[in-house]
Each structure stands twice: as C-alpha cells, then as structure tokens.
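Asks: Give me a 3D structure for the following:
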Amino acid sequence: MDLDTPGQTRTMPYLLLDHAGIHNYMACYLHHHVHNHFHHHKHIAMGFFFHSVAAGVMDHPTENPISVQGHINAKAALPKNPFGNCYCSSLLEGCADIKTLQQVHAHMVISGLDRDMLSTTKLVNMYAKFRFLVDARFVFECMPKRNVFSWNGMISGYVRDGDYEEALRIYRQMRFAGVQPDKFTFPHLLKACAGISSLHEGKMIHQHIIRIGCETDVFVGAAVVNMYAKCFVLEDARKMFEKMLHRDVVSWNAMVSGYAQNGNMNEALALFDQMLLVGMKPDQVTITCVLSACAKLEDLQLGQWIHCSVIGRGLQPDIFVYNALIDMYAKCGSVEVARELFDKMSRRDVVSWNAMIAGYAHNGCASEALGLFHEMQLAGLQCDAVTLVGLLMACAHLGVLQHGKQIHDYIIRNGSKWDVIVGNSLIDMYAKCGELIYAEIFFDKMSSKDVVSWNAMLAGYVQNGYAGKALSLFHQMQLAHVAPDLTTMVNVVSACAYLGALQQGKWIHDYVIRRGFDSDVFLETAMIDMYAKCGSIEIARRIFAKVSHRNTASWNAMISGYGMHGLGKDAIVLFSQMQETGVKPDQITFTSVLSACSHAGLVEEGWGYFHCMIQDYSITPMVKHYACMVDILGRAGHLDEAYDFIINMPLEPDASVWGALLGGCRIHCNIGLGERVAAKLFDLDPENTGCFVLMSNMYAAAGKWDGVARIRTLMKGKGLNKTPGWSLIEINNRVHEFVVGKNSHPQIEKIYAMLENLAGQMKEAGYVPDKNFALRNVEEEEKENILCSHSEKLAIAFGLINTSPGRPIQIIKNLRVCGDCHSATKFISKIVNRDIIVRDTNRFHHFKDGLCSCGDFW
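Replies: Residues are numbered from 1 along each chain as shown. You can find the predicted model right below:
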C-alpha cells in the first residue's frame, strides 16, 4: 500500500524516518524544504502531546523522549502550539543522544519554536555539546535575533571542538554585530588564544575585558593568567595573578602549571609553597602540575614529600595523580617505586602504561619496557604514539636493533598514524643502533619534519663520528628555513668539537650569540668543551668565567679541558674551587680529575683523588676510574704496581683497564708484561684491532719482526684490518683530511716538496729521523720515506702552504702521535716560527719554539 496515499496513517518507524529526512534537509541548509516536508505530515506529527513526552523523559531518562509517546493516539486533535519555550528548553535538556535531539528539533520546527530565541539558543548549545557544529551553526545562522547566550554557545562549541580560529572568528562577528560579550564569553576566547598561542589577540581580548570591567571575575582572571602562561609571557601572567583580589584553586593552578610548562620548575614549586602558606587547598590538578615539576628537576625528596602530603591530607589520588606519581618516581630514578604504584592502580589508562614504559626506558631498563608492552597488548589496550616513542627509546638505549625493527614493523602492520613524533623516535633509534643508512632513508622519506627531526639526525651523525655530515645537514636546515633550537646548537657545537674545526666553531659561537642562546648553561658547557677540544683553552676559560649558574657539567667540561691540554695542576686547582662553591662532584668529575693527573704525571695526587672519591663523597669507583688509575701508574712507569692494582680490583677488569696497562708497556718498552696483557685483551675483546696494532708496534720498535708477522697473521685470520692513521686540518672553513699512504690530494706534489725542504733544514738543526717508528721490515732509506708520509706531517705541510706566515696551525689526529712525528714537529715549529697545535687520541700537544707542552710525556 502506498503510504503517501491521502487518508493513510504512517506508523511510528516511518515517522522517525521522516525525522531523519528532515535532519538531512536541514544539514543541507534547505530550511524551506523542512517546512514543506512537515506540512504534509503535520496531522500525524502533532499527535505527540508535550506533557506525555516530558513525563516520559523524566520517568525514563535513558529512553528516547519521542518514542516514549508511541502509545499516544497520533490522530488526536491538538492545539496550535502544544508546548511553549520553557517546556521545550526542559525537553532539550533531557536529550541523551544526538538522534533524540534531532527529533526534538523536528518538533520545534512543527511548533514554530525554531524561531524562538530561548529555545533556539538552547538548541545551539545542545548541538555544540554533542559536537555537531555544522548543525549548531545552521540553527545559529537561521536565528532572526541572537543574544549574548547564543553567541557564547557557538564560541564555546568551537573551543570545545578545538577549532580555536573559528571561535575567534565568531567573536569578531559578535563585535561587528554590536553584541557585548559577558564574563562567560571571555574564558572560552582566552582558551582559544592560548590554544594557538595568539598573544596579540589575547592581549586585545584582555583590553576588552578591562574596558567592560570583567577583570575582577575570578574565572576571567584565571583564564587571563592561563592565556599569558600558554603564550610564554610569564611576567604578564604573574602580574595578572598578583592583581587578582580573589583567587580560587583554578587561579593558582593556572600560574603553577604556567611555570611548569615553561620550564621554570623552581618558580612552580615556590608558588606551590606560597599556595599552602595562604591556606589554599591544592586539588588533583595542582598535585599533578607540581609532581611534573619535581620529575623535570629530578627532585625525588620533594616528590616524596608531596606524595606523603597527598596521603596526609586525605586527598584520594585519581588516575591523573597516579600517572604523575609514576612519572615522577621513574624520572627520579626510583623505577621500583613507580612499578609498585602502577601495580596498585585499580584502573589504568593508556597514559599509565605509557608513563611506566617511558620510565623503564629512561632508566635503561629496556627489556622491562618491552615486556610491559607485551602485557599491555595482552590487556587489550591499544597503544598510541607516546607508547611507541617510549618503546623506541628503550630500543635505542639498549642498542637492540632487532627489537627496534619489530616495533617499526608493528607500526606499519597496525596502520598507526605516521606522525612526526614517532618518525623522530625511529630516526633516533636507528641512529643510536648505528644504522645511519636506515635513519637517513627514513629522514628523507618524512613529508613533514620539525626541528626535532633535524636534531635527531644531527645527533645521529655526531654520535656515530660523522661530524662533517652533521655540519652539512645544519647548512641544509638553514636553507630549509627551519629555526634551530638549543638542542640543534649543542649538536652542531659538538660536531665542531669532534672535528677540531675552530673557525667553524667560532662562526657557530657568533651565530649562537645572535640568536640569543648564549645564556643557556647547557650550550655554554658545550662551548667550553668545543673550544677546549679545538685547542683554544684560553677561550674556554673565558666562557667558563662568564657562566653565571655553573652546574656539575660546566665544572667537568673545564676540568677535562685542562686535563687534555696537560694542565694537570690547573685542573686540580679548579677542582678545589668547585668543592669550595658547594657543587658536588660526580663520577664524571673524578674521571676528568684522574685523567688530568695521568696526562701531567701526577701519581701521588691521582691516588689522593681516588681515595677522596670513596671516603669523602661515597662514590663507588667504576671500571673507568680503575682504568684511569692504571693509566696514571702505567704512564709513570709503575707497571708492576699497576698490574697488582688490576689483580686486586673488586670489579672484573675489562678491556679498557688492560688496554691502559698495555699502553704503559708500549711507552716503557716492556714486551714481557705486554705479551701477558695482550693475551688477556685478545680473549676479552678479540675484534678490537687496537690491541693487536699496539703489540705489533711494540715488536716492530724492538726489531722483533717475527712477532710482527705473528700478529699480522692473527689479524688476517680474524679478518681484522689496521685502522689507517688520518689527520684533519681546517683552512678557510673547510676541513681537509690526510690519510697515511694516500696521495690523492690535489696539492700533494707541493706538500712533498715542502716536506723535503723542511727535512733539509731540520737535519741541519740536529733532527735525526727515528726509524723505529717506521714499523716495517724494509731498507733504511724506505723507512725514512714511510716516516715522511705520516698523516700529521702531510697536514702540517699543507697548513704551511695555505696559511699566512706566523699564523698558528692546528691539526687533529685519530691515533697517538708517534715519537718521530713528535720530534719533527718540535723542529718545524722553531724553523717556521709558528705555533703548531696537535690533538691526538689522548691529549693536546702545543708546539712552540722547539718545545712541546707535554714535556715529552704522553
């Protein structure tokens, strides 16, 4: 039967379909069709009495307000308008879902209430509440007259949906329409400004607030504070906070979180103390913010106090506080406590799992992080980008490439969104696992890169010894107009330090000053390290003197710089100053001090600091500290004492410890002990070519060519190749590399001509080539030619050719400077009247007027 035939009555399901049809018309902005559609069925639709509908909503709040009336006689005669705007407003508030709201809207159209300001304002708010903003906007635009509540409903809807730009656009239309905002309008607008960091518009809205006298409202004031804080203008946020006559907990939270989010953790905690002093009771949001500050400061003691305070005040921790506690304990190194809290939680969300996984990764517990991820999957939780970042961080810390690739495959299989954060973590993981090719491929494939993407790739190059590529990438970053941040500059400065590229380092330093980064303690520390490693210890000293807030790392960098330049006594004096200022030395500090003692031959002082570390600072020596002590004793010739020291170590000596002793054996030509030590090294680290080469050189220097042949046979059997010696020199902001035995440089003929000329002058001055360092069983004349082709001599000759007279020459060598090159460089420095600075694998040598700063002790 044709249900549209006149005289036929539709049943309820068909009527509901008509409601859906009406909504579809409305969504397409065909308002006149809506009225036409209802006109045909008005005699049926009006059969739903309002009082029955309202009663049904109240008695059955979870049921459809319209369907409750299914038993009502649909053909009953009705008055022209069976329900007024007040009743309509009540009915709208009873809508539990969008379908019900659409049906009530349909009845409003029938009853003519779609033109009533009160009803339509409520309708706008309800559509916005359900995030059906297209529908809300349609109703809003069709309103013949709008009041401030209508505009507020539309603005709050867009803010709730995260469309901050549109919310601000509606505000501008509101102003143009001559409607005055009220105190309920401004919190939403300020949240929109905060959401897009629109400080300019935020300030204009603040001025509007002042003009109409809403600034004293506590909610408006809190919103202003929050806006300035989110726009990184903490000074204005604090001014507004101090002006507020009445502050509630939301106001305090806005200011505390503002400090925390901007990295001012100490200020956040100070304000929290002030909050307690004035008797303001913190809530869950406050506690979460303060715990976040403790986590970033790694202040475990304060974090524990806050935890106790939460319990003592009877504040029941919600899931957000639990998550913040897990994060705080994990970042402060108490990962076991974090896990206890995690296990105690009756309900966990994905943030809880993420905090625990990231906590394990942060503490180097990569296996536990991967195991927890497996538990998370068994619990049926879907991981998000933060989970994946934590897992990739764990793989990077552990260096487990296979696990990292599995996570990568998981991302691809599950169709996870390729957001930039996950992409950055993949680059970091591949780089830290030594797979730079994968890192480069993924970096190049990323369609959207942020500064963190570039930083991850820069750090990967620096960490894997490709400092030249890092500087090239920084140049590409500038061409791409990506603004660098502090992390970028630390990576670039580290690249210059690795290369010993003083000229480029100075340019980077100027760039840092121009960009306003020079007051950051981490970058200042990197600058100290860079200048020290580039041979300019005086500039490093000047930067250190200007650092206003020195942390342990700053002192360590300067002490280490003195050590590598052979200025052991300066390092000791600086360590004493560090103690006097109250800065507590750490394990790295003592490594630097012991290394300085080693380079300066300060045996007694070295023993003193080794015992000081244990007795005065309760620092348990690590293997690296024992290796430093062995190096001190070995360089000074106390080989038997060094051997006994190793035998009596409470820790199992590793290759670094035995390697330090083998170095001492080489310096003092003790082949007997050297063979015993080398045998241990061959077992401990059979793939390390360094110990094989060192032993071979000892045999060669002693003329024991059968021993050299035996070592070379061993290396060949293991598939090992000797690392070729290379030297770097920077001329006109370009780094040139010279490799022993390679003659591919375009100026090689000029270089050898320069060396031949220098050789004649050197011999006249008393130089005698030390052919023991030729390390090959060849004719005497050939040995002299071999010595002439050492990479540091090629680099020095190139520097003399390409720089003006009197200018210092600086080179970097990847191996220890041999005895012959050391002697030759002393003669060259006097003949050409130049300062020559050589950084080898152990230390700096400053050659001047025929002398070296090491005093021939290296």
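Asks: and Pro746, how many neighbours?
Replies: 7 (other C-beta atoms under 10 Å). (Each C-beta comes from the backbone N, C-alpha and C, glycine too.)
Asks: can you tell me the helix or strand for His736?
Replies: Secondary structure assignment for His736, by DSSP states H and E: strand 734-739.
Asks: model confidence over whatever helix or strand Gly371 lives in, on average?
Replies: Here Gly371, judged by DSSP H and E, is contained in helix 366-378. Per-region confidence: helix 366-378 scores 89 on mean pLDDT.
Asks: Does Ala456 touch Lys432 like I think?
Replies: No: with contact defined as C-beta atoms under 8 Å, Ala456 does not count as touching Lys432 (9.5 Å).
Asks: For Ala501, report the pLDDT, please.
Replies: At Ala501, the pLDDT value in this model is 88.
Asks: residues touching it, list them.
Replies: Counting by C-beta atoms under 8 Å, 6 or more residues apart in numbering, Ala501 makes contact with Ala467, Leu471, Ala495, Cys534, Glu730, Asn733, Val735.
Asks: number of nearby residues for the first one?
Replies: Burial measure for Ala467: 24 neighbouring residues, criterion other C-beta under 10 Å.
Asks: pretty sure it contacts Tyr461?
Replies: Yes: at 6.8 Å, Ala467 and Tyr461 qualify as touching, with contact defined as C-beta under 8 Å.
Asks: which residues are common contacts for these two?
Replies: Counting by C-beta under 8 Å, 6+ apart, the shared contacts of Ala467 and Tyr461 are Ala495.
Asks: still on that earlier bit, so what secondary structure elements neighbour the helix or strand following the helix holding Gly371?
Replies: Helices and strands here follow DSSP H and E; after helix 366-378, the next one along the chain is helix 385-398. Here helix 385-398 touches helix 350-362, helix 366-378, helix 401-413, helix 420-432, going by 3 or more C-beta pairs under 8 Å, 6 or more residues apart in numbering; DSSP states H and E.
Asks: Quick check: which of the ones you listed is nearest to Ile170?
Replies: With C-beta to C-beta as the criterion, Ile170 lies closest to helix 420-432 of the helices and strands packed on helix 385-398, at 30.3 Å.
Asks: Render the CA-only coordinates of the closest one in CSV, please.
Replies: Taking C-alpha atoms only, helix 420-432 is exported to CSV below (Å, rounded to 0.1, in the frame of the first residue of the first chain):
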residue,chain,number,x,y,z
VAL,A,420,56.2,13.4,13.3
ILE,A,421,56.9,12.3,16.9
VAL,A,422,57.0,8.6,16.0
GLY,A,423,59.1,9.4,13.0
ASN,A,424,61.6,11.3,15.1
SER,A,425,61.9,8.4,17.5
LEU,A,426,62.5,6.0,14.7
ILE,A,427,65.4,8.2,13.4
ASP,A,428,66.8,8.4,16.9
MET,A,429,66.5,4.6,17.4
TYR,A,430,68.2,3.7,14.1
ALA,A,431,71.0,6.3,14.7
LYS,A,432,71.7,5.1,18.3
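Asks: Paired strands for the strand holding His736, with orientation please.
Replies: Applying DSSP bridges, strand 734-739 is found paired with strand 726-731 (antiparallel).
Asks: Mind checking the pLDDT average for the partner strand?
Replies: Across strand 726-731, the average pLDDT comes to 92.
Asks: Identify each buried residue in that strand, please.
Replies: Buried residues in strand 726-731, defined by neighbour count with 16 or more other C-beta atoms under 10 Å: Trp726, Ser727, Leu728, Ile729, Glu730.
Asks: Can you verify my assumption that the first one contacts Glu792?
Replies: This points to Trp726. No: counting by C-beta under 8 Å, Trp726 stays clear of Glu792, with 9.4 Å between them.
Asks: still on that earlier bit, just the buried residues of the helix holding Gly371, please?
Replies: By neighbour count on 16+ other C-beta under 10 Å, the buried set for helix 366-378 is Ala366, Glu368, Ala369, Leu370, Leu372, Phe373, Met376.
Asks: Please apply the same query to stretch 88-104.
Replies: Within stretch 88-104, the residues that count as buried by 16+ other C-beta under 10 Å are 88-89, 91-92, 94-95, 98-104.
Asks: Over to stretch 241-251?
Replies: By neighbour count on 16+ other C-beta under 10 Å, the buried set for stretch 241-251 is Phe241, Met244, Arg247, Val250, Ser251.
Asks: Equivalent analysis for stretch 328-347, please.
Replies: For stretch 328-347, burial by neighbour count (16+ other C-beta under 10 Å) applies to 328-332, 334-335, 337-339, 341-342, 345.
Asks: Touching that stretch from outside, list them.
Replies: Applying C-beta under 8 Å, 6+ apart, the contact partners of stretch 328-347 are 291-292, 294-296, 298-300, 303, 319, 322, 325-327, 348, 352, 355-356, 358-360, 362-363, 365.
Asks: Mind checking which of those are buried?
Replies: In terms of neighbour count (16+ other C-beta under 10 Å), the buried residues within these are 291-292, 294-295, 299-300, 303, 322, 325-327, 348, 352, 355-356, 358-360, 362-363, 365.
Asks: For the stretch 301-450 of the chain, give me the ranges with low pLDDT.
Replies: 415-418 (pLDDT under 70).
Asks: coming back round to it: contacts for the strand holding His736?
Replies: With contact meaning C-beta under 8 Å, 6+ apart, strand 734-739 is reached by 468, 499, 501, 724-730, 745, 791, 794-795, 798.
Asks: Pull out the buried residues from that strand.
Replies: The neighbour-count check on strand 734-739 (16+ other C-beta under 10 Å) flags Val735, His736, Glu737, Phe738, Val739 as buried.
Asks: any idea which residue sits dead centre in the chain?
Replies: Val452 (7.3 Å; C-alpha atoms, centre = their mean).
Asks: any idea of the mean pLDDT in the host helix or strand of that residue?
Replies: In this structure, Val452 is located in helix 451-463 according to DSSP H and E. What helix 451-463 shows for mean pLDDT is 95.
Asks: Counting by contacts, list what that helix packs against.
Replies: When contacts are defined as 3+ C-beta pairs under 8 Å, 6+ apart, helix 451-463 packs onto helix 420-432, helix 436-445, helix 467-479, helix 486-499.
Asks: what separates that helix from the chain centre, distance-wise?
Replies: When distances are taken as C-alpha atoms, centre = their mean, to the nearest Å, helix 451-463 is centred 11 Å away from the chain's centroid.
Asks: which residues sit against that helix?
Replies: Helix 451-463 has contacts (C-beta under 8 Å, 6+ apart) with 420-421, 423-425, 427-428, 430-432, 436, 439-440, 443, 446, 467, 469-470, 473-474, 477, 482-485, 487-488, 491-492, 494-495, 498.
Asks: Please spell out the ChimeraX selection for the buried subset of these.
Replies: The buried subset of these, as determined by 16+ other C-beta under 10 Å, is captured in ChimeraX by this line:
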select :421,423,424,425,427,428,430,431,432,436,439,440,443,446,467,469,470,473,474,477,482,484,487,488,491,492,494,495,498
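Asks: thinking again about what came up before, buried set for the helix holding Val452?
Replies: By neighbour count with 16+ other C-beta under 10 Å, helix 451-463 contains the buried residues Val452, Ser453, Trp454, Asn455, Ala456, Met457, Leu458, Ala459, Gly460, Tyr461, Val462, Gln463.
Asks: give the contact list for the nearest residue to Thr120 once chain neighbours are set aside.
Replies: Of all residues not flanking Thr120 in the chain, Met143 sits nearest, at 5.2 Å (C-beta to C-beta, 6 or more residues apart in numbering). By C-beta under 8 Å, 6+ apart, the contact list for Met143 reads Arg115, Met117, Thr120, Thr121, Val124, Ser150.
Asks: Pretty sure the fifth one sits against Asn152.
Replies: No: in this structure, Val124 sits apart from Asn152 without contact. The criterion is C-beta under 8 Å, and the distance is 9.4 Å.
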